[in-house]
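1. from the sequence below, what's the structure:
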Amino acid sequence: MRADLATQSVPLVPNTHWGLTMNRREFVSLLGTAASTHIFGQEAATKLPARAITSGPKHHFVGYYDKCPWDKTGRYHLSMEIDFCDRQPKTGEELTLGMVDLKDKDRYIPFDKTAAWCWQQGTMLQWLGSAPDKEVVYNSVADKEYVAIVRDVHSNKTRTLPRPIYALSNDGKQAVSLPFDRLQRLRPGYGYCALPEKFPNDPAPEKDGIWWMDMSTGKHELVVPTAKLAKNKPDERFAGSHHWMNHLQFNPSGTRFLFLHRWRVFEKPWMTRLYTCKPDGSDLRLTWDTGMVSHFDWRDDETILAWVKTKDQGNKFCLIDLEGKGTVLGGDVLTSDGHCSYSPDRKWILNDTYPDKKRLQWLMLFNPKTGRRYDLNQFHLPPMLTGPFRCDLHPRWNRDGTQVCIDSGHGETRQVYVLDVNEIVRA
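-> Next up, the predicted model:
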């Protein structure tokens, strides 16, 4: 999302621990002190240790924030590997897919390469919900088409599905996708450049859009054509625009998915609408239409947490129901856009920020019950990592909510880091 939507995160209270890197015992000791003194509380800055699980000279990253890279056992952690990190990929340029063995000195185990990738979301590499102890899925190129590969990482057996994937239901039985070639042109850093765009001159194609696919059989169908969105409640903002979709996500039970409909006149900022619908495209609901919707996560099957433009309070995180009613969450504590996600038990929100004036990216936890924010660490983003190939933290939970991982470029190379939050979320 656009960094110009993010505001600087500034501590609200003095903090004598600024700049120190503490071990877990010292960190939790400070947490206990904060409970009575409010030194730690909402925006007191700390530095929870971050352990690199990948290393140079090659660069590694996981991709987007909405996918858990840990397998069911917690031993293997997915990541991608590449020789560069300071430019966009060239047509046909591949990266390596693999996993880190966390119980064998963080040994990196490569298992494939693909030309279907981007900097912000990788190749949609993730564990398959139907077999999270052994099967992964990711996008690739075959016969001049984007496809998805399902791989058993232990036996290396594979099968190919006829369409790429963007988001999977939690049970791994269904997927939704979109035209990555169009995304490459209209939102650089999120699409793929391995193949030419099919409808570059069409403002809103009838024959492309959001596709649904059965992950067992490969059966697929176009469920939300781009043209349908361009024709739904059009207004003067649509004039001269090209339309596309981005950021698809199923609700926890897989009964609905949400997505962003975006449009732009070239060289001008894009506008956004938030939609939800059933997997077959029916019951399509325009849920938020103020022009700006950014990052989000489902709290439950009927409630969405999203950074949006409100009608009367500026840009805020809101809890939005399926009818489009929104309630501000976090108020003056969650003050800027970030990659937000609920913990597995839905009791915590993990979030980050874009770089502040010192180019520090803030990593934080937020407790919706108490309304308190806990800043975990801040990571410097080198100026060379900007635009489509910037390195957002994109924080992600592990499966039991005791650890989080990030992508970061604060060291000499772009790597994956893990932070232990168990003693914070269990306190």
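2. now the strands for the stretch 201-350 of the chain?
-> Remark: strands assigned in the stretch 201-350 of the chain by DSSP state E, counting those that start in this stretch are 209-214, 220-225, 242-250, 257-264, 271-277, 285-291, 293-300, 303-309, 315-321, 326-328, 341-342, 349-352.
3. residues making contact with the shortest one?
-> Residues outside strand 341-342 that contact it (CB atoms under 8 Å, 6 or more residues apart in numbering): 65-66, 297-299, 305, 348-351, 395-397. In this view, the C-beta of every residue, glycine as well, is placed from N, C-alpha and C.
4. 6 Å instead?
-> 65, 297, 299, 349-350 (CB atoms under 6 Å, 6 or more residues apart in numbering).
5. without its sequence neighbours, what residue ends up closest to residue 258?
-> The shortest distance from residue 258 to any non-neighbouring residue, by CB to CB, 6 or more residues apart in numbering, is to residue 276 (4.6 Å).
6. how many other residues sit next to the one you found?
-> Residue 276 has 22 neighbours, counted by other CB atoms under 10 Å.
7. what number of residues lie near residue 156?
-> So residue 156, with other CB under 10 Å, has 9 neighbours.
8. so it sits in a strand?
-> No - per DSSP: H, G, I helix; E, B strand; the rest coil, residue 156 lies outside any strand segment and is coil.
9. ok, it to residue 49 distance?
-> 35 Å (CB to CB, to the nearest Å).
10. next one: the residue nearest to residue 258 from residue 257, what distance?
-> 7 Å.
11. repeat for residue 228
-> Residue 228 sits 15 Å away from residue 257, going by CB to CB.
12. likewise residue 400?
-> 25 Å.
13. those two: which is more packed in?
-> Applying other CB under 10 Å to residue 400 and residue 257 shows that residue 257 carries more neighbours, namely 26 against 13.
14. grab the nearest non-local neighbour of the more buried one.
-> Using CB to CB, 6+ apart, the nearest residue to residue 257 is residue 250, at 4.7 Å.
15. that neighbour: how many residues sit nearby?
-> Neighbours of residue 250 (other CB under 10 Å): 22.
16. what sits against it?
-> 167, 169, 257.
17. can you list contacts of stretch 191-204?
-> 91-92, 115-116, 141, 180-185, 205, 208, 226-227, 230, 242-243.
18. list the buried ones in stretch 299-314?
-> 299, 304-309 (16 or more other CB atoms under 10 Å).
19. let me know the closest of those residues to residue 383.
-> When those are ranked by distance to residue 383 (CB to CB), residue 307 comes first, at 24.8 Å.
20. tell me the spacing between the nearest residue to the closest one once chain neighbours are set aside and residue 274.
-> With CB to CB, 6+ apart as the criterion, residue 307 has its nearest non-adjacent residue at 4.2 Å, and that residue is residue 294. For residue 294, the distance to residue 274 equals 10 Å [CB to CB].
21. same question for residue 304.
-> 8 Å.
22. burial measure for residue 63, as a count.
-> 24.
23. what's the answer for residue 58, then?
-> Neighbours around residue 58, by other CB under 10 Å: 17.
24. residues touching it, list them.
-> By CB under 6 Å, 6+ apart, the residues touching residue 58 are 81, 83.
25. let's see it at 8 Å
-> 81-83, 413.
26. include distance to residue 218, pLDDT and neighbour count when you put the residues you listed into JSON lines, please.
-> As requested, the contacts of residue 58 are exported to JSON lines (distance: CB to CB, whole Å; pLDDT from 0 to 100; neighbours: other CB atoms under 10 Å):
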{"residue": "81", "distance to residue 218": "28", "pLDDT": "98", "neighbour count": "16"}
{"residue": "82", "distance to residue 218": "29", "pLDDT": "98", "neighbour count": "18"}
{"residue": "83", "distance to residue 218": "33", "pLDDT": "98", "neighbour count": "10"}
{"residue": "413", "distance to residue 218": "38", "pLDDT": "96", "neighbour count": "15"}
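27. quick one: which of those residues is nearest residue 343?
-> Distances from residue 343 to the contacts of residue 58, taken by CB to CB, are shortest for residue 81, at 28.4 Å.
28. which helix or strand contains that closest one?
-> Secondary structure from DSSP states H and E places residue 81 in strand 76-82.
29. please state the offset of that strand from the chain centre?
-> 16 Å (CA atoms, centre = their mean, to the nearest Å).
30. what lies in contact with it?
-> Residues contacting strand 76-82 (CB under 8 Å, 6+ apart): 53-54, 58-63, 69-71, 95-102, 108-110, 117, 122-123, 125-127, 136, 153, 405, 416, 418.
31. now, of these, which are buried?
-> Looks like those have 53-54, 58-63, 69-71, 95-100, 102, 108, 117, 122-123, 125-127, 136, 153, 405, 416, 418 buried, using 16+ other CB under 10 Å.
32. just the contacts of strand 76-82: which are in strands?
-> 59-61, 95-101, 108-110, 126-127, 136, 405, 416, 418 (DSSP state E).
33. let me know the pLDDT of residue 47.
-> At residue 47, the predicted lDDT confidence score is 86.
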